[in-house]
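**Student:** Everything below, folded, please.
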Amino acid sequence: MSYRMILNQTAHFGRGTIKLLPEELKKRGYKKALLITDPILLKTGTAKKVTDILDAAGFPYEVFSDVAPNPPVENVKAGVKACADAGADVLLGLGGGSPQDTAKAVGIITTNPEFADVLSLEGVADTKKPALPIIGIPTTAGTASETTINYVITDVANKRKFVCVDPHDIPIMAIVDPDLMDSMPRALKVSTGLDALTHAIEGYITPGAWELSDAVHLTSIRMIAENLRKSADGDREAGEKMAYASYIAGIGYSNVGLGLVHGMAHPLGGRYGAPHGVANGILLPSVMRYNADFTGEKYRAIAHAFGVNDAYTMSLEDARKAACDKVLALVVDLGNPTKISEVGVDESGLDALAQDAFNDVCTPGNPRKATLEEIRALYAALL
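**Tutor:** Sure, this is the predicted structure:
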């Protein structure tokens, strides 16, 4: 068996580390940056925290902010043009998953223009050259796009999200500065935190997991169990721990894959516009129960990470139930929706959702091989 771990060349962590950005750009010989972000981060002043540092250092840059949630193909194409027009030789992906995923697609197409249609990047694309250098600067504690080889784009015309997996797209550097995350609204802290938890749990139980990925995923699960509630309520120290927990999960799942929760969440985003973390939160407890008998002893460790002290002495069946119950309790306590009807789904949409989820690139990573009928039944149970 062969295992692979792809990480950033460099990563900086801690409050105030964004101040290192100009120095890192200059010592690598870059001449001009394109900052890819979204309108909300411009409006709230988060982007200004970064541009002020670039201005003070006299480092040239331009800003591209035409990035929507669940970024569509059209945003990527506009970003590619903006990059060319700017003459940028480095990209700064500032934001949650949407700006960072857009930066990855822009970087890949800039150096591999044969993929300019964007749609051909779906799955494992046969790109030949590394992306234009990217520095990932997260403003949410959830997607871990700053350290993964994955990105997700929306095909609006066909009402679907598609996943791209490409080692050529990983940012050369990540700057994880919790100061950029403190102002996130509570709802965003909740949804992105549940996304991080889903990454950690799915990465832990996928058949491709191994000792190193298990270590990082269990650490992330424990950190999220201890800190997500407090972070959502504004605790700065807990927010800092969530920033690191998200990154830690990212270095794991990026290399071993995900599973059915993500496979089912992507269609909820593509067809109904459901925020990705919200969709994961709805699905995670039910899919965990569906998978339970196919996970060996691993739910004991999940239960223990959530504070079940006798997880290793109770029966395996009880330990599995405890793990699922703890995750559901967290979702409920945080106020995340628990039904897909809460994001606009009704009976008429189940067939299309199930087919999309069955075909999703994440679904084969599930420990239990799901049939089309089983996926539909899981959705139906959550109406």
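**Student:** domain ranges for this protein?
**Tutor:** As given by the TED database, the domain ranges for the chain are 10-180, 186-381.
**Student:** just the helices in the stretch 1-150 of the chain please.
**Tutor:** Here the stretch 1-150 of the chain has its helices, by DSSP state H, counting those that start in this stretch, at 21-27, 39-44, 46-57, 73-86, 97-111.
**Student:** hey, C-alpha coordinates of stretch 201-215 in CSV?
**Tutor:** C-alpha atoms of stretch 201-215 as CSV (Å, rounded to 0.1, in the frame of the first residue of the first chain):
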residue,chain,number,x,y,z
ILE,A,201,-14.8,12.7,10.6
GLU,A,202,-15.1,11.7,7.0
GLY,A,203,-11.3,11.8,6.5
TYR,A,204,-11.0,9.6,9.6
ILE,A,205,-13.3,6.9,8.5
THR,A,206,-12.7,6.8,4.8
PRO,A,207,-11.0,3.5,3.6
GLY,A,208,-8.0,5.5,2.4
ALA,A,209,-7.2,6.6,5.9
TRP,A,210,-3.9,5.6,7.6
GLU,A,211,-1.9,6.3,10.8
LEU,A,212,-0.8,9.8,9.9
SER,A,213,-4.1,11.0,8.6
ASP,A,214,-5.8,9.4,11.6
ALA,A,215,-3.6,11.3,13.9
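**Student:** got a list of contacts for it?
**Tutor:** Where contact means CB atoms under 8 Å, 6 or more residues apart in numbering, the residues beyond stretch 201-215 that reach it are 1, 3, 5, 217-218, 221, 249, 252-253, 255-259, 261-262, 284, 288, 291, 295, 298, 301-302, 327, 365-367. Every residue, glycine included, has its C-beta placed from N, CA and C.
**Student:** Quick one: classify Tyr151 as helix, strand or coil.
**Tutor:** Of the three states, Tyr151 takes strand under DSSP: H, G, I helix; E, B strand; the rest coil.
**Student:** Distance check, it against Tyr3.
**Tutor:** For Tyr151, the distance to Tyr3 (CB to CB, to the nearest Å) stands at 22 Å.
**Student:** Compare these two and say which one has the larger neighbour count.
**Tutor:** Legend: neighbour count by other CB atoms under 10 Å for Tyr151 and Tyr3, higher for Tyr151 (27 against 12).
**Student:** show me the contacts for that one.
**Tutor:** Contact criterion CB under 8 Å, 6+ apart gives 97, 100-101, 104-105, 145, 163-164, 169 as the residues in contact with Tyr151.
**Student:** Now with 7 Å, please.
**Tutor:** Tyr151 sits next to 101, 104-105, 145, 164, 169 when contact means CB atoms under 7 Å, 6 or more residues apart in numbering.
**Student:** In a markdown table, list those along with neighbour count and distance to Pro113.
**Tutor:** Output for the contacts of Tyr151, formatted as a markdown table (neighbours: other CB atoms under 10 Å; distance: CB to CB, whole Å):
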| residue | neighbour count | distance to Pro113 |
| --- | --- | --- |
| Asp101 | 29 | 19 |
| Lys104 | 32 | 15 |
| Ala105 | 27 | 12 |
| Ser145 | 32 | 23 |
| Cys164 | 24 | 16 |
| Asp169 | 25 | 15 |
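**Student:** so which of those residues comes closest to Leu197?
**Tutor:** Set against Leu197, the nearest of those by CB to CB is Ser145 (16.2 Å).
**Student:** Give me the distance between the nearest residue to the closest one once chain neighbours are set aside and Pro69.
**Tutor:** Spatial nearest neighbour of Ser145, chain neighbours left out: Gln100 (3.6 Å); criterion: CB to CB, 6 or more residues apart in numbering. Using CB to CB, Gln100 is found at 13 Å from Pro69.
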